[in-house]
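K.L.:
Would you be able to build a 3D model of this:
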Amino acid sequence: MVNKTSPQPGKRRTKIVATLGPATDDPRVLRDMFIAGVDVVRINFSHGGHDQVRKRVSLVRDAAARVQREIAILADLRGPKIRIEYFEHGRVELEPGQNFNLNCDPAAAAGNQHQVGITYDDLADDVVVGDRLLLDDGMLVLEVTAISKPVIECTVITGGILSDRKGINKQGGGLSVPGLADHDLADIRLVAELELDFLAVSFPRHAEDMHAARAELDIYGSDAQLIAKIERTEAITHLGEISDACDALLVARGDLGVEIGDAELPAIQKLIIKTGLEHNRAVITATQMMQSMITNPLPTRAEVLDVANAVLDGTDAVMLSAETAVGDHPVKVIEAMHRICVGAERHQDNAPPPKALNVRFERIDQAIAMAAMFTAAHVPVTAIVALTESGSTAKWLSRVRSNVPIYAASPLASSRRRIALYRNVFAVANTELGDDMNRIVQQALDTLLQKGCIGSGDRVLVTLGDRPGLRGGTNCMKLIQISADGEADTQTELLYQ
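P.N.:
This is a model prediction of the structure:
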């Protein structure tokens with residue numbers, strides 16, 4: 001039975017991303033997942049058509065409205081994933097040592113015990129004799145023995161059952177397939193049409209792939225934030241420039257682990273999180289985090305440690321895939337992940353004071369964010385309240401790790417949804433408009449008082465702009481004492497013009 005009260009804002013700093021699927025199509029299940037603590041939902045464009053996407057977006061928005069939560073929607077592009085084609089009978093069993101060919105001809109016949117077609121016509125140009133090809137997330141291994149275009153002749157190294165449409169990776173990377181496939185362009189148009197919040201680009205190799213995706217979003221007038229899924233060896237080489245070209249990184253441990261090898265994956269995960277933090281980007285850690293809970297009601301100890309370590313390393317969010325999309329316990333897995341995150345965060349409470357933003361202050365809101373976090377580290381405060389239009393100040397505040405909860409008060413629903421991904425930032429609706437900043441501040445404080453996030457006698461830091469309605473206009477910081485009657489008593493005001 002689900003506790004019908006959502007976790008109080010500020011109780012869990014790490015955000016939870018849950019993938020939608022058949023297991024979440026029941027509106028009651030979706031509602032209970034939101035109550036249990038989901039912050040962002042992921043729609044995987046690799047499964048289902050546009051009609052199904054529209055239906056799930058509608059379900060999300062209806063359920064979010066019912067539980068009065070700001071739930072962001074992340075669209076995950078299919079990307080240029082290379083797959084085998086179909087078999088005559090749906091599957092074959094491959095034995096170690098047997099010959100098995102991959103046919104790059106688009107007109108190749110249905111597969112059999114001896115060969116199968118593939119979706120990437122140029123694979124024969126990207127491999128050489130001796131290369132190893134990993135199928136079905138590395139469960140089967142083929143070694144290239146000869147190339148007679150369009151056929152790649154292979155020997156089975158590790159056998160097993162191979163079924164339709166399984167993925168192919170080249171061990172060590174090096175495939176020249178571009179970051180955006182033709183089908184991704186139509187999907188980006190739908191993302192813009194539905195006004196989704198985040199767009200995840202699969203298999204980017206370098207910054208140019210991210211720039212191409214952003215250009216497509218611009219064509220359709222979308223302001224969706226861009227997430228780079230790090231799942232290619234080449235992306236690790238260009239990690240810094242990819243970080244600069246996106247808004248967030250996603251540690252996609254499935255395909256990445258296949259390409260670089262499982263022994264290298266833990267260190268690379270830590271590198272991606274560290275690089276994201278250094279470039280002031282949000283980071284999502286994903287893939288098989290609670291895999292056993294697809295069928296089991298409780299996680300394994302190894303899964304508990306996996307999630308907790310990602311939290312301790314500083315990830316903004318942890319993501320569930322099949323666990324919620326097709327699992328037997330989509331609500332219980334959210335509850336378990338919530339508990340683990342909160343438990344791990346308790347051990348960060350004695351962390352050293354926050355470090356400076358890794359950026360030269362070219363924007364006033366960046367300077368205000370750094371000043372606020374420095375002040376919070378040296379003056380006891382209960383909360384930081386960012387009055388923000390676009391959410392950018394809240395983003396900068398979240399980049400400096402702190403135990404003080406950050407409440408982002410914005411009149412824009414789109415900004416409040418994007419904030420859902422930022423670690424330690426919680427969205428608050430602030431509809432007071434006009435030029436009276438005292439009234440705007442008081443409404444935000446009243447909302448937090450009603451939610452129990454702050455109380456009388458608490459000291460609160462507020463960041464704001466003295467020109468309401470101007471995006472990126474944050475230029476003030478106030479230190480406010482909440483009086484016994486809930487009114488704001490301004491003690492100190494720092495103004496940057």
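K.L.:
so where's the chain uncertain?
P.N.:
Judged by pLDDT under 70, the chain has its weakly predicted residues at 1-10, 349-362, 432-434, 467-472, 486-497.
K.L.:
Domain map for it?
P.N.:
15-79+179-346, 91-170, 364-495 (automatic domain parsing).
K.L.:
Make TSV from those and add mean neighbour count to it.
P.N.:
The way it works is simple: take the backbone N, C-alpha and C, and place the C-beta from them, glycine included. Output for the domains of the chain, formatted as TSV (neighbours: other Cβ atoms under 10 Å):
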stretch	mean neighbour count
domain 15-79+179-346	20
domain 91-170	17
domain 364-495	19
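K.L.:
quick one: contacts for V177?
P.N.:
By Cβ atoms under 8 Å, 6 or more residues apart in numbering, the residues touching V177 are 80, 82, 120, 122, 126, 203.
K.L.:
hmm, 7 Å instead?
P.N.:
Under the criterion of Cβ atoms under 7 Å, 6 or more residues apart in numbering, the contact list for V177 reads 80, 82, 120.
K.L.:
and what of I268?
P.N.:
Going by Cβ under 7 Å, 6+ apart, I268 touches 236, 256, 260.
K.L.:
In what element of secondary structure is the second one found?
P.N.:
Spelled out, it's L256. Under the criterion DSSP states H and E, the helix or strand holding L256 is helix 253-260.
K.L.:
which residues touch that helix?
P.N.:
Outside of helix 253-260, the residues within contact range by Cβ under 7 Å, 6+ apart are 134, 137-138, 169, 171-173, 230-233, 265, 268-269, 286-288.
K.L.:
let's see 8 Å
P.N.:
For helix 253-260, the surrounding residues in contact (Cβ under 8 Å, 6+ apart) are 81, 134, 137-138, 167, 169-173, 203, 230-233, 236, 265, 268-269, 285-288.
K.L.:
swap in stretch 324-341?
P.N.:
The contact list for stretch 324-341 (Cβ under 8 Å, 6+ apart) reads 2, 7, 12-14, 16, 18-24, 29, 32-33, 36-38, 44, 47, 289-290, 293-299, 304, 307-308, 311, 318, 320, 323.
K.L.:
what's across from V41 in the sheet?
P.N.:
Taking DSSP bridges, one finds A18, I73 as the beta-bridge partners of V41.
K.L.:
ok, now how distant is it from L30?
P.N.:
Between V41 and L30 the distance is 8 Å, computed by Cβ to Cβ, to the nearest Å.
K.L.:
Overlap in contacts, these two.
P.N.:
Between them, V41 and L30 share the neighbouring residues 20, 60, with contact defined by Cβ under 8 Å, 6+ apart.
K.L.:
show me the contacts for D223.
P.N.:
Residues counted as contacts of D223 (Cβ under 8 Å, 6+ apart) are 217, 414.
K.L.:
now with 10 Å?
P.N.:
D223 makes contact with 192, 195, 197, 217, 390, 414-415, 418, according to Cβ atoms under 10 Å, 6 or more residues apart in numbering.
K.L.:
before we move on, back to that, so which of the contacts of stretch 324-341 are in helices?
P.N.:
Using DSSP state H, the members of the contacts of stretch 324-341 that fall within helices are 29, 32-33, 36, 304, 307-308, 311, 323.
K.L.:
From the residues you listed, pick the one nearest V342.
P.N.:
The closest of the ones in helices among the contacts of stretch 324-341 to V342 turns out to be V311 (Cβ to Cβ; 9.2 Å).
K.L.:
if I look at the residue nearest to that closest one when sequence neighbours are not counted, how far off is V381?
P.N.:
For V311, ignoring the flanking residues on the chain, the nearest one in space by Cβ to Cβ, 6 or more residues apart in numbering is A344 at 3.9 Å. Here the distance between A344 and V381 works out to 23 Å (Cβ to Cβ).
K.L.:
What separation is there between T388 and D39?
P.N.:
Relative to D39, and taking Cβ to Cβ, T388 is found at 18 Å.
K.L.:
what about stretch 246-256, distance to the chain center?
P.N.:
Its chain's average C-alpha position is 8 Å from that of stretch 246-256, according to Cα atoms, centre = their mean, to the nearest Å.
K.L.:
same check, this time on stretch 136-153
P.N.:
Put simply, stretch 136-153 sits 33 Å off its chain's centre (Cα atoms, centre = their mean).
K.L.:
do stretch 275-290 as well
P.N.:
7 Å.
K.L.:
ditto for stretch 306-325
P.N.:
The chain centroid and the centroid of stretch 306-325 are separated by 10 Å, computed with Cα atoms, centre = their mean.
K.L.:
Over to stretch 78-98?
P.N.:
On Cα atoms, centre = their mean, the centre of stretch 78-98 falls 29 Å from that of its chain.
K.L.:
In contact with Y220, which residues?
P.N.:
188-193.
K.L.:
which one among those residues gets closest to I73?
P.N.:
Comparing those against I73 with Cβ to Cβ places V191 closest, at 9.1 Å.
K.L.:
element containing the closest residue to that closest one other than its chain neighbours, please.
P.N.:
In this structure, V191 finds its nearest non-sequential neighbour in A75, 4.7 Å apart by Cβ to Cβ, 6+ apart. Per DSSP H and E: A75 is located in strand 72-76.
K.L.:
just to revisit the earlier point, kindly present the contacts of V177 as a markdown table, with separate columns for distance to T145 and secondary structure.
P.N.:
As requested, the contacts of V177 are exported to a markdown table (distance: Cβ to Cβ, whole Å; DSSP: H, G, I helix; E, B strand; the rest coil):
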| residue | distance to T145 | secondary structure |
| --- | --- | --- |
| P80 | 26 | coil |
| I82 | 19 | coil |
| Y120 | 19 | coil |
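K.L.:
Give me the distance between the residue nearest to T287 when sequence neighbours are not counted and S243.
P.N.:
The shortest distance from T287 to any residue that is not its chain neighbour, by Cβ to Cβ, 6+ apart, is 3.9 Å, and that residue is R253. R253 sits 18 Å away from S243 when distances are taken as Cβ to Cβ.
K.L.:
same question, M293
P.N.:
Here the distance between M293 and S243 works out to 31 Å (Cβ to Cβ).
K.L.:
before we move on, what about A322?
P.N.:
Going from A322 to S243 by Cβ to Cβ gives 28 Å.
K.L.:
Pull out the CA atoms of the helix or strand that contains R416 and give them to me as PDB.
P.N.:
Here R416 is covered by helix 413-419, with elements defined by DSSP H and E. What follows is the C-alpha trace of helix 413-419 in PDB, where atoms were taken according to Å, rounded to 0.1, in the frame of the first residue of the first chain:
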ATOM      1  CA  ALA A 413       5.300  25.900 -15.300                       C
ATOM      2  CA  SER A 414       7.900  25.000 -17.900                       C
ATOM      3  CA  SER A 415      10.700  26.400 -15.700                       C
ATOM      4  CA  ARG A 416       9.300  24.600 -12.600                       C
ATOM      5  CA  ARG A 417       9.300  21.300 -14.600                       C
ATOM      6  CA  ARG A 418      13.000  21.700 -15.700                       C
ATOM      7  CA  ILE A 419      14.000  22.400 -12.100                       C
END
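K.L.:
So what's the gap between it and the chain middle?
P.N.:
Taking mean C-alpha positions (Cα atoms, centre = their mean), helix 413-419 and its chain are 15 Å apart.
K.L.:
Fine by me, we can end here.
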